[in-house]
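**Q** no letters, just coordinates:
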């Protein structure tokens, strides 16, 4: 089957299982998930969706998220959007047979559950911040791989006439990343995106080198993405104030002028300096943490990353990663956090061996393991380790040991970093960079993965199952999700408060 036909067939299989075109209110995608806004959640057939070959899992958050994996989701989404448009033109809105009281009660229950789990102000704020940076990930990945290729060619002395062009391709986006952050921030916080980009562009304008603030000359790019974020948020609030008070006849002239003027002045004479100090402090702290904490810091970061993901708090790391990449060319935190996925892989292999009679769980592991090796952890987390309970904890132990391994070498002076965020597992190899050559960097990261696999396997094999748990699950049965639900464990789909990618 042609790739286009396969992607359209996947989209066509998903659409009726989410209630049809009339039930879909919005369609977007991130690195691995098709994210749908649904009018009536009760129309979704979760089990049938999870049974589709292309679907790795489902996650319910503020949107209904179908895990398709990197690459696939970017190809299926346009086909799905087209089918939704065609379906809306051809079919009426779905008929509801429930009474108004029943529907109101159902909606109130769903709303209360989601609000309690996901709608805390802090988590909503983190989700907004994550939504600013997640659209930048494809460019970070592409430019990061080009930067790695260019570095390899420069070290080998090959294609000397081409490497300057590759350097320009790799660096152009990072030189202007503040503008993109400002644009996305204004869009996310309810302002005019281009005004957010215009204010953020001040930060990277070469002419700021002629301006003094706090007794110091400013430098282009000072404050980086954090400054751009703050400048654009300020621009949104100034714009909203103007929309409220400026007469409608003058709005088109006065509002954009005041927005850029006021927020621009505050950015130049305040935010750039403050954000620059914060950015420098973040870089210094990351260096200090791994130089002094080493294995201990790696142990904590690798072991607790997945619980942070489950709580939705990992989104706070995205601007930190981006700041480190902007400052140092790579983030030293991501390779350590990626060890959490290695622990999941090791744990899954141990579960596979410990439950030889449970065909359903073993089948899930076999189908999800390739994605897990490439850093897509959702199928293993939500389909295997988390519903079982203990194996999720022992998987975190594996991540802790892998993180400790990488952190130990950081303490010895061999920094291991990633030039982009998003990928994990084996998919991170093309993006690796460090201070002791590519070969050393790759060897340390690969060693960390092996330690994570081994520690996750050993911890899960020997400590991941009680006698009762083995007696309960080491039998031939129906799909694991149904069994776990029936025995009192959390039923899938698991509500995941995270929005972007559950990977490191």
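**A** On my side now, so go ahead. Since the model is a prediction, treat every value here as computed from it, not as a measurement.

**Q** show me where the stretch 151-300 of the chain has strands.
**A** Assigned by DSSP state E, counting those that start in this stretch, the stretch 151-300 of the chain shows strands spanning 212-213, 216-217.

**Q** mind checking which of those strands is nearest residue 419?
**A** Residue 419 sits nearest to strand 216-217 of all the strands of the stretch 151-300 of the chain, at 29.4 Å, using CB to CB. (Glycine included, C-beta is placed from N, CA and C.)

**Q** quick one, strands of this protein?
**A** Ranges of strands in the chain, per DSSP state E, are 24-29, 33-38, 57-60, 64-67, 212-213, 216-217, 416-418, 432-434.

**Q** contacting residues around the second one?
**A** The one in question is strand 33-38. Strand 33-38 has contacts (CB atoms under 8 Å, 6 or more residues apart in numbering) with 14, 18-19, 23-29, 44, 59, 63-68, 73, 76-77, 80, 378, 501.

**Q** re the thing from before, mean neighbour count, the strands of the stretch 151-300 of the chain: which tops it?
**A** strand 212-213 (a mean of 13; mean count of other CB atoms under 10 Å).

**Q** any idea of the mean pLDDT for it?
**A** The average pLDDT for strand 212-213 rounds to 88.

**Q** over to stretch 131-142?
**A** Here the average pLDDT along stretch 131-142 is 87.

**Q** can you give me the end-to-end distance of it?
**A** End-to-end distance for stretch 131-142, by CA to CA, to the nearest Å: 19 Å.

**Q** residues contacting that stretch, please?
**A** Contact with stretch 131-142 is made by 30-31, 173, 177, 180-181, 184-185, 188, 225, 229, 318-319, 322, 325, 419-423, 431, 499-501, as judged by CB under 8 Å, 6+ apart.

**Q** list the contacts of residue 251.
**A** By CB under 8 Å, 6+ apart, the contact list for residue 251 reads 242-243.

**Q** look at it and report its pLDDT.
**A** For residue 251, the pLDDT comes out at 88.

**Q** what's the burial count for the nearest residue to residue 320 once chain neighbours are set aside?
**A** Excluding the flanking residues, the one nearest residue 320 by CB to CB, 6 or more residues apart in numbering is residue 282, at 5.9 Å. Using other CB atoms under 10 Å, the number of residues around residue 282 comes to 17.

**Q** quick one: residue 282 and residue 321 touch, right?
**A** No: contact criterion CB atoms under 8 Å: residue 282 and residue 321 do not qualify, at 10.0 Å.

**Q** so who does residue 212 touch?
**A** residue 218.

**Q** er, residue 295 I mean
**A** Counting by CB under 8 Å, 6+ apart, residue 295 touches 404-405, 407-408, 411.

**Q** pull the most distant pair out of these.
**A** Farthest apart among those by CB to CB are 405 and 411. That separation is 11.1 Å.

**Q** the more surrounded of the two?
**A** Between residue 405 and residue 411, residue 405 has the larger neighbour count (other CB under 10 Å), namely 25 against 17.

**Q** any idea how far residue 291 is from the more buried one?
**A** Residue 405 is 16 Å from residue 291, where distance means CB to CB, to the nearest Å.

**Q** and what of residue 71?
**A** Using CB to CB, residue 71 is found at 37 Å from residue 291.

**Q** what's the answer for residue 275, then?
**A** Taking CB to CB, one finds residue 275 at 24 Å from residue 291.

**Q** low-confidence ranges in the stretch 301-450 of the chain?
**A** For the stretch 301-450 of the chain, residues meeting the criterion pLDDT under 70 lie at 311-312.

**Q** re the thing from before, among the contacts of residue 295, name the ones in helices.
**A** Judged by DSSP state H, the subset of these located in helices is 404-405, 407-408, 411.

**Q** tabulate those residues (CSV), appending distance to residue 461.
**A** Formatted as CSV, those follow (distance: CB to CB, whole Å):
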residue, distance to residue 461
404, 20
405, 20
407, 25
408, 24
411, 30
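
**Q** tell me the one of these nearest residue 236?
**A** residue 407 (38.7 Å).

**Q** skipping adjacent residues, who's closest to that closest one in space?
**A** Once chain neighbours are set aside, the closest to residue 407 by CB to CB, 6+ apart is residue 298, at 2.2 Å.

**Q** sorry, back to before: so for residue 71 and residue 291, which sits in the more crowded spot?
**A** Legend: neighbour count by other CB under 10 Å for residue 71 and residue 291, higher for residue 291 (15 against 11).

**Q** hmm, that one is touching residue 409, no?
**A** No: judged on CB under 8 Å, residue 291 makes no contact with residue 409 at a distance of 11.4 Å.

**Q** work out the gap between the longest helix anywhere in the chain and the centre of the chain.
**A** In the chain, with assignment by DSSP H, the single longest helix is helix 438-463. Relative to its parent chain, helix 438-463 has a centroid offset of 22 Å by CA atoms, centre = their mean, to the nearest Å.

**Q** in it, what counts as buried?
**A** Within helix 438-463, the residues that qualify as buried are 441, 444-445, 447-449, 451-461, counting by 16 or more other CB atoms under 10 Å.

**Q** can you check stretch 63-72 too?
**A** Under the neighbour-count criterion of 16+ other CB under 10 Å, stretch 63-72 has 63-70, 72 buried.

**Q** repeat for stretch 33-40
**A** Neighbour-count burial for stretch 33-40 flags 33-36, 38, 40 (criterion: 16+ other CB under 10 Å).
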